[in-house]
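Peer 1: Sequence and predicted model, in that order:
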Amino acid sequence: MRVGVNVGHFTGTPPPDLAGRLRALDEAGFASVWFAEAYGSDVFTPLAYAAAHTRRVRLGTAVAQIPARTPAATAMAATTLDHLSGGRVVLGLGASGPQVSEGWHGVPYARPLARTREYVEVVRRVLARREPVSYAGEFQRLPAEGTGLGKPLKSSLHPYRADLPVHLGAEGPRNVALAAEIADGWHAMFFAPSFDGFYRDALAEGFARRPGGRPEDFEVVATVPVVLDDDVERAADRVRPELALYIGGMGARGANFHHDVFVRMGHGDAAQRVQEHYLAGRKAEAAAAIPTEVVEQVALVGPVSKVRRDLDAWAATVVDEIAVQGLPEDLDAVASALL
């Protein structure tokens, strides 16, 4: 199983000595580096920066938000970076959530799966560059109505790879199935090896709708928190605040897809307590309400020997690559433990 690093998005300021740390992970043998975006730093600028400071790793968006850009703009950024990096880009796309989509980007969130399907279709047409792009969908229309002067266009930039891989970030079973149906990979968040069968079924449903079934090169990448520490509880404490943010604060009550993941895993009572604390502003209490067993289901925490044993469970799942969440301070130790 391959191991990469998901730096995520920048909060406050970019990480110190980012260039040096990117070179270090490239030289250490990590397979990939991924960046994310929410409502601050964008995803393509740091990825271009990473392309300039690395030579080998794959460069992935995990994920580029669908409401943040037109599909043509996303395809332009991806194919330009693919040229400049020598064909190392993986384009991960995600619908985001209603708070960010509507509150930050001003784009309606209704029917995210249908929007995603149309968006991916247009991106692929732009990347393929077979003909001028026209599209008459419910959410995407090219040319758009307006002056009447718009006409279908074909990218002036020839693709470095017309089949540049497109992944979907997904958590719910219907979205996972959509990734299997229309994408080249699934980027998972809060994957738990104990629920491997659940996700295999969702993927199988999507592959059954795909002409030709499952492609040989379809891959699953999972972002996974990794904390090395001789004390398991101390390691879990470093993961709890981030989990509390997602379980409790990323979305409104009743409309938090991350929260729903933990409910499906059987941790509904704990997830509800976390959400109640977080939405009331009690962030420390929200983190403390996350049981260690919940942390251990979705993260690799504890002594190196334990992390290596736990990694065996991940290797037996549908996951092809884990992306270590965040840019580890102890990069050499993490590389030694996982690679």
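Peer 2: Right, received. Where do you want to start? Numbers count the residues shown, from 1 in each chain.
Peer 1: what comes up buried for the host helix or strand of Glu276?
Peer 2: Applying DSSP states H and E as the criterion places Glu276 in helix 268-279. For helix 268-279, the neighbour count (16 or more other CB atoms under 10 Å) marks Ala270, Ala271, Gln272, Arg273, Val274, Gln275, His277, Tyr278 as buried. C-beta: built from backbone N, CA, C; applies to glycine.
Peer 1: Kindly report the same for stretch 192-202.
Peer 2: Neighbour-count burial for stretch 192-202 flags Ala192, Pro193, Phe195, Asp196, Tyr199, Ala202 (criterion: 16+ other CB under 10 Å).
Peer 1: farthest-separated two in those residues?
Peer 2: Spatial extent of the buried residues of stretch 192-202 (CB to CB) is set by the pair Pro193 and Ala202 at 15.2 Å.
Peer 1: Leaving out sequence neighbours, find the closest residue to the residue nearest in space to the middle of the chain.
Peer 2: For the chain, Ala62 is the residue whose C-alpha lies nearest the centre (CA atoms, centre = their mean; 3.3 Å). Leaving aside its sequence neighbours, Ala62 sits nearest to Trp34 (CB to CB, 6 or more residues apart in numbering; 4.0 Å).
Peer 1: shaky segments in this protein?
Peer 2: Within the chain, no stretch has pLDDT under 70.
Peer 1: Okay, domains of it per the record?
Peer 2: Listed by automatic domain parsing, the domain ranges of the chain are 2-226+300-338, 230-299.
Peer 1: First-to-last residue distance for the first one?
Peer 2: Which is domain 2-226+300-338. 9 Å (CA to CA, to the nearest Å).
Peer 1: where exactly do the helices run in the stretch 151-300 of the chain?
Peer 2: Here the stretch 151-300 of the chain has its helices, by DSSP state H, counting those that start in this stretch, at 173-182, 196-208, 232-244, 257-264, 268-279, 283-288, 292-298.
Peer 1: Now render those helices as a markdown table, adding distance to Pro143.
Peer 2: Formatted as a markdown table, those follow (distance: least, CB to CB, whole Å):
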| stretch | distance to Pro143 |
| --- | --- |
| helix 173-182 | 24 |
| helix 196-208 | 31 |
| helix 232-244 | 43 |
| helix 257-264 | 33 |
| helix 268-279 | 44 |
| helix 283-288 | 47 |
| helix 292-298 | 44 |
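Peer 1: just so I know, which of those lies nearest Ala19?
Peer 2: Nearest to Ala19 among these is helix 232-244 (24.8 Å), distances taken as CB to CB.
Peer 1: Name the residues that touch that closest one?
Peer 2: 225, 227-229, 274, 277-278, 283, 286-290, 292, 294-296, 298-299, 301-303, 306, 325 (CB atoms under 8 Å, 6 or more residues apart in numbering).
Peer 1: Spit out the contact partners of Gly40.
Peer 2: Taking CB under 8 Å, 6+ apart, one finds His9, Phe10, Thr11 in contact with Gly40.
Peer 1: Can you name the residues bridging to His187?
Peer 2: Beta-bridge pairing for His187 (DSSP bridges): Gly169, Val221.
Peer 1: ok, the closest residue in space to Lys283 that isn't next to it in sequence - how many residues close by?
Peer 2: Distances taken as CB to CB, 6+ apart put Ala244 closest to Lys283, at 6.4 Å, once the chain neighbours are dropped. Neighbour count of Ala244, defined by other CB atoms under 10 Å: 24.
Peer 1: Next one: Ala244 from His258, what distance?
Peer 2: Look at Ala244 and His258: by CB to CB, to the nearest Å, they are 11 Å apart.
Peer 1: can you check Gly185 too?
Peer 2: Distance of Gly185 to His258, given as CB to CB: 20 Å.
Peer 1: So for the two, which sits in the more crowded spot?
Peer 2: Taking other CB under 10 Å, Gly185 and His258 do not tie; Gly185 has more neighbours (23 against 19).
Peer 1: Report the contact partners of the nearest residue to that one once chain neighbours are set aside.
Peer 2: In space, and not counting its chain neighbours, Gly185 is closest to His167: 3.9 Å by CB to CB, 6+ apart. When contacts are counted by CB under 8 Å, 6+ apart, His167 touches 60, 62-63, 90-93, 179, 183-187, 219, 221.
Peer 1: rewinding a little: the residue nearest to the centre of the chain against Val33, yeah?
Peer 2: No - here Ala62 lies out of contact with Val33, judged by CB atoms under 8 Å, at a distance of 9.8 Å.
Peer 1: Now for those two: what residues contact both?
Peer 2: When contacts are counted by CB under 8 Å, 6+ apart, Ala62 and Val33 are jointly contacted by Asn6.
Peer 1: need the strands for the stretch 101-250 of the chain, in chain order.
Peer 2: Along the stretch 101-250 of the chain, counting by DSSP state E, counting those that start in this stretch, strands occupy 135-136, 141-142, 166-170, 185-189, 219-224, 226-228.
Peer 1: now those as JSON lines including distance to Gly29?
Peer 2: Listed next are those as JSON lines, based on distance: least, CB to CB, whole Å:
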{"stretch": "strand 135-136", "distance to Gly29": "42"}
{"stretch": "strand 141-142", "distance to Gly29": "42"}
{"stretch": "strand 166-170", "distance to Gly29": "22"}
{"stretch": "strand 185-189", "distance to Gly29": "21"}
{"stretch": "strand 219-224", "distance to Gly29": "17"}
{"stretch": "strand 226-228", "distance to Gly29": "15"}
